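A.B. asks: no sequence for this one, just the structure:
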């Protein structure tokens, strides 16, 4: 079994490299009209440049898995702004895509928790579609839309899971088919268990991203040895390794919160179960220390008997 490791958005090892610098709508509104577009473009260019720094950092450390920031473009989906963030940066977007393709990197997006399809409010569904369209537009600008995915959660229960799930299947029809094919769904730590999320994925033909920490915080009845083969099956048509989110609790009291690094003891039972599946997987590290947590976890796992590190961020078990 081969495991590749990735991290989220920002390599904190790099100085002042956030790809998520922003402009608030309040600040935007205070600017003179002729200054507004220039401000949006300046911040976007900074974020694109920092994303490029991150990609080169990944290449140098042999990290093939990376989650792009959802906040590269400020105010991209604000109903009173909605500006063309593709044309002015045509070459810059394509350069990012070329780095990704040349180095066989797997990248993804994870829109925020407000992008969901269980709400009874039509405006929330419309906003969610708009947000997915924004993320897809960035993938398209990089020319990687056929190889990359956008991950979301199922959404809220609104006091009635059965009705909410029915709404999900109805509301998801609003997503354009070419965008829906680039979606994945992830189990969450409070509402929809891995089993419930998997059932939605199977019905909608959407790959299922398994979050182990969320699973331990929100257990379902099915054991891992039954869940994992079905979860992996949802990835069969993609040609990609199943993706798994890895983190560990900040403390027993704050179990749902992510710690700075990943506790090997916490994920050890999962690793043992995973080995029985004989399936190559990709681990997205969701720890606060991001790239540093990734590199430490690779070192920790490499010390397990029978494990071999074969690159900066890949091990075999």
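C.D. replies: That came through fine. Predicted model only: the values in this text are computed from it and were never measured. Numbering: from 1, shown residues only.
A.B. asks: report how many residues lie close to residue 273.
C.D. replies: Residue 273 has 15 neighbours, counted by other CB atoms under 10 Å. Using the backbone N, CA and C atoms, a C-beta is placed for each residue, glycine as well.
A.B. asks: helix or strand with the lowest mean pLDDT in the protein?
C.D. replies: Least confident helix or strand, the chain: helix 25-30 with a mean of 94, by mean pLDDT, DSSP states H and E.
A.B. asks: other SSEs contacting it?
C.D. replies: Helices and strands touching helix 25-30, by 3 or more CB pairs under 8 Å, 6 or more residues apart in numbering; DSSP states H and E, are helix 33-60.
A.B. asks: how far does the helix it packs on sit from the chain's center?
C.D. replies: Counting by CA atoms, centre = their mean, to the nearest Å, helix 33-60 is centred 20 Å from the centre of its parent chain.
A.B. asks: I'd like the average pLDDT over that helix.
C.D. replies: What helix 33-60 shows for mean pLDDT is 97.
A.B. asks: output the contacting helices and strands for that helix.
C.D. replies: Helix 33-60 packs on helix 25-30, strand 65-67, helix 90-102, going by 3+ CB pairs under 8 Å, 6+ apart.
A.B. asks: between helix 90-102 and that helix, find me the angle.
C.D. replies: Relative orientation of helix 33-60 versus helix 90-102 (axes from the mean of the first three to the mean of the last three CA atoms, to 10 degrees): 20 degrees.
A.B. asks: tell me the buried residues in helix 33-60?
C.D. replies: 36, 40-41, 43-44, 46-48, 50-52, 54-55, 57-59 (16 or more other CB atoms under 10 Å).
A.B. asks: how about stretch 81-101?
C.D. replies: In stretch 81-101, counting by 16+ other CB under 10 Å, buried: 81, 83, 85, 89, 92-93, 96-97, 99-100.
A.B. asks: what do you get for stretch 184-200?
C.D. replies: Residues 184-189, 191-200 are the ones in stretch 184-200 that count as buried (16+ other CB under 10 Å).
A.B. asks: just the terminal-to-terminal distance for that stretch.
C.D. replies: 11 Å (CA to CA, to the nearest Å).
A.B. asks: cool, stretch 13-27 as well?
C.D. replies: Across stretch 13-27, the terminal residues are separated by 30 Å (CA to CA).
A.B. asks: how close does residue 213 sit to residue 273?
C.D. replies: 15 Å (CB to CB, to the nearest Å).
A.B. asks: same question but for residue 302, I mixed them up
C.D. replies: 20 Å.
A.B. asks: pLDDT score for the residue nearest to the spatial centre of the chain?
C.D. replies: Per CA atoms, centre = their mean, the C-alpha nearest to the average position across the chain is that of residue 110, at 3.6 Å. Looking at residue 110, its pLDDT reads 97.
A.B. asks: just to revisit the earlier point, what does the least confident helix or strand of the chain rub up against?
C.D. replies: The contact list for helix 25-30 (CB atoms under 8 Å, 6 or more residues apart in numbering) reads 36, 39-40, 75, 78, 80-81.
A.B. asks: may I ask which two of those residues are separated the most?
C.D. replies: 39 and 80 (14.8 Å; CB to CB).
A.B. asks: what's the neighbour count on the residue lying closest to residue 58 once chain neighbours are set aside?
C.D. replies: Closest residue to residue 58 in three dimensions, ignoring its sequence neighbours and counting by CB to CB, 6 or more residues apart in numbering: residue 66, at 5.5 Å. Neighbour count for residue 66, taken as other CB under 10 Å: 23.
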